[in-house]
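Visitor: Coordinates for the following, if possible.
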Amino acid sequence: MLHGLTGWHLLIVLAVILLLFGAAKLPALAQSVGKSARVFRGEIKAMKDEDAADARASAAPSTDARSDAVAVDPPSSR
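Guide: Have a look, this model is predicted:
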């Protein structure tokens, strides 16, 4: 994935980012990235919890009255 990239390449990329955004904006940028990552992790955890709750609900036996009824053949229409 990172074929032939060295530490110098990373240093150059960081210098370009510093030039583009400026030193004053970098802390705010890092803070917003951190908040976004926290929100993303929270949403992923909520989705996993919902899936687990759905799996538990579908595994629970049904208490529907129709499932306890005895199947009866309908009368023939002769």
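
Visitor: Distance check, Ile17 against Leu29.
Guide: Going from Ile17 to Leu29 by CB to CB, to the nearest Å gives 9 Å. Heads up, the C-betas are built off the backbone N, CA and C, glycines and all.

Visitor: Are there residues contacting both of those two? Which ones?
Guide: Between them, Ile17 and Leu29 share no contacting residue under CB atoms under 8 Å, 6 or more residues apart in numbering.

Visitor: name the element the one residue sitting closest to the centre of the chain belongs to?
Guide: Centrality entry for the chain: nearest residue to the mean C-alpha point is Ile44, 3.1 Å, by CA atoms, centre = their mean. Assigned by DSSP states H and E, Ile44 belongs to helix 26-59.

Visitor: Figure out how far that helix is from the centre of its chain.
Guide: Centroid displacement of helix 26-59 relative to its chain, using CA atoms, centre = their mean, to the nearest Å, is 6 Å.

Visitor: mean confidence score for it?
Guide: For helix 26-59, the mean pLDDT works out to 91.

Visitor: Pull out the buried residues from that helix.
Guide: Neighbour counts over helix 26-59 (16 or more other CB atoms under 10 Å) mark no residue as buried.

Visitor: which helices and strands does it pack with?
Guide: helix 7-21 (3 or more CB pairs under 8 Å, 6 or more residues apart in numbering; DSSP states H and E).

Visitor: who's in contact with the helix it packs on?
Guide: 26, 29.

Visitor: average pLDDT for it?
Guide: Averaged across helix 7-21, pLDDT comes to 88.

Visitor: so that helix versus helix 26-59, what angle?
Guide: Between helix 7-21 and helix 26-59, the angle comes out at 100 degrees (axes from the mean of the first three to the mean of the last three CA atoms, to 10 degrees).
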